[in-house]
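Undergrad: Sequence and computational prediction follow.
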Amino acid sequence: MAYTTINKSTDYFNTVTFTGNGSLPRAITGVGHQPDWVWLKDRDTAYNHQLYDIVRGTSAGVLYSNSNSLEDSTYQMASFNSDGYTMGSNMGAVNDNNKKIVSWNWRAGNSAGSTNNDGNVATTVSVNTTAGFSIVTYTGTGNAGATIGHGLGAVPNMIIVKKRAGGSARDWAVYHSANTSSPETEILYLNNNDGTADSSAYWYDTAPTSSVITLGAGNEVNESNTHTYVAYCFAEKKGYSKFGSYTGNGNADGTFVYTGLKPSFVLVKRTDTNGYEWSIWDNKRDPFNLADTTLRPNSSATESTIGSSYQIDMLSQGFKFRTNNGDVNASGGTYIYMAFGQSIVGSNNISATAR
């Protein structure tokens, strides 16, 4: 079995936790790489999730995963550094004194990107083909069938698009390759709890290729030539990342999901019906099993507000639920997930250990 050449997964994705000190600007270190996409959340206070990336840049401001708001330049990252980042002087919502903060960090191309002309709409792309991750910015056309280059050199398994500026606020649009048997016809929204819906307005009922994503004329992805967008694109890399689906069993001795890697981060969403939340676990907030410290990308809710009813074991080759909560393990419920971690045996021949 061939695994990716990633020997150390934290070179490309890592979770960092820290305690706010109320003093800004503030440098955060210990990420293990230069993070090009930084996702922050105050775990103790019902503040928005804050998302920053190197392609939009330090002057562009923040996006909120739990809101359809446009880019907010009130809050700005000061810099992306070789082992972390420096938070700007107005980022108090992720550095309040004595508050617990989590930071999820992905490495793209360690640059502000370059022009990609693979599609009929030019994009700016910062890409890491080894890890299967790219950050893409583009200007809409308002025309169905527009194509944008993503730079991955492989077919994306997950695409998260957000309108940045121009016109009205719009939802976060999500494509996932395991979202029904025809994912190119479906849409999910990162900022709400809706299930999947059929619409050609997003991906034009056309599957992404190893070079381009095809867009409909949907408001969230391609509304007008005066509106700008960002897309976060992921291609699965065996032993490092996995994008799939599972069916819940409705038992406290829950479904086991085989990923072929030891998860350090798991994102889950129920898709077959409305009203169920997105959920995130990681190995820094919960270094031991049971892992039950959950945050919701579509909500500003704190860990304590959500409670401990979202129990999961993160194991050497996948994850297993220890709850029948409908958000993650309803009987017959259909779910999609995104997982990052380390292969059972990587190309360095070192075995991952169970937790």
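TA: Looks like it arrived, so ask away. Residues are numbered from 1 along each chain as shown.
Undergrad: Just the mean pLDDT for stretch 292-299, thanks.
TA: Stretch 292-299 shows a mean pLDDT of 96 in the predicted model.
Undergrad: Pull up the distance across that stretch, start to finish.
TA: Using Cα to Cα, to the nearest Å, one end of stretch 292-299 lies 17 Å from the other.
Undergrad: For it, give me every contacting residue.
TA: For stretch 292-299, the surrounding residues in contact (Cβ atoms under 8 Å, 6 or more residues apart in numbering) are 41, 43, 49, 65-66, 102, 189-193, 267, 277-281, 285-286, 301, 303, 306, 308-312. C-beta coordinates here come from the backbone N, C-alpha and C atoms, glycine included.
Undergrad: what's the answer for stretch 87-96, then?
TA: Stretch 87-96 is contacted by residues 20-28, 40-42, 45, 47-48, 50, 58, 74-78, 101 when judged by Cβ under 8 Å, 6+ apart.
Undergrad: what stretches of this structure score poorly on pLDDT?
TA: The model of the chain has pLDDT under 70 over residues 1-5, 344-355.
Undergrad: In strands only, show me the contacts of stretch 292-299.
TA: 41, 102, 189, 267, 279, 280, 281, 312 (DSSP state E).
Undergrad: Tell me what the third one is bridged to.
TA: It refers to residue 189. Assessed by DSSP bridges, residue 189 has beta-bridge partners residue 173.
Undergrad: Pull the contacting residues for it.
TA: Each residue near residue 189 by Cβ under 8 Å, 6+ apart is listed here: 171, 172, 173, 174, 220, 298.
Undergrad: distance of it from residue 141?
TA: As for residue 189, its distance to residue 141 is 22 Å (criterion: Cβ to Cβ, to the nearest Å).
Undergrad: just the fifth one next, same as before
TA: Using Cβ to Cβ, one obtains 35 Å as the distance from residue 279 to residue 141.
Undergrad: So for those two, which residue has more residues nearby?
TA: Neighbour totals were compared for residue 279 and residue 141, and residue 279 leads with 23 against 18 (other Cβ atoms under 10 Å).
Undergrad: That one touches residue 329, doesn't it?
TA: No. The criterion here is Cβ atoms under 8 Å, and residue 279 misses it with residue 329 at 10.6 Å.
Undergrad: so can I have TSV of the contacts of residue 189 showing neighbour count and distance to residue 252?
TA: Output for those, formatted as TSV (neighbours: other Cβ atoms under 10 Å; distance: Cβ to Cβ, whole Å):
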residue	neighbour count	distance to residue 252
171	22	34
172	24	32
173	28	34
174	25	29
220	22	37
298	21	25
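Undergrad: Please identify the one among these that lies nearest to residue 129.
TA: residue 174 (22.0 Å; Cβ to Cβ).
Undergrad: ok, now which ones touch residue 163?
TA: If a contact means Cβ under 8 Å, 6+ apart, then residue 163 has 70, 169, 170, 219, 220, 221, 223, 227, 228, 229 as its contacts.
Undergrad: Repeat that for residue 8.
TA: Applying Cβ under 8 Å, 6+ apart to residue 8 gives the contacts residue 32.
Undergrad: now do residue 25
TA: Counting by Cβ under 8 Å, 6+ apart, residue 25 touches 78, 86, 87, 88, 89.
Undergrad: Distance of the first one relative to residue 87?
TA: So that's residue 78. As judged by Cβ to Cβ, residue 78 and residue 87 stand 6 Å apart.
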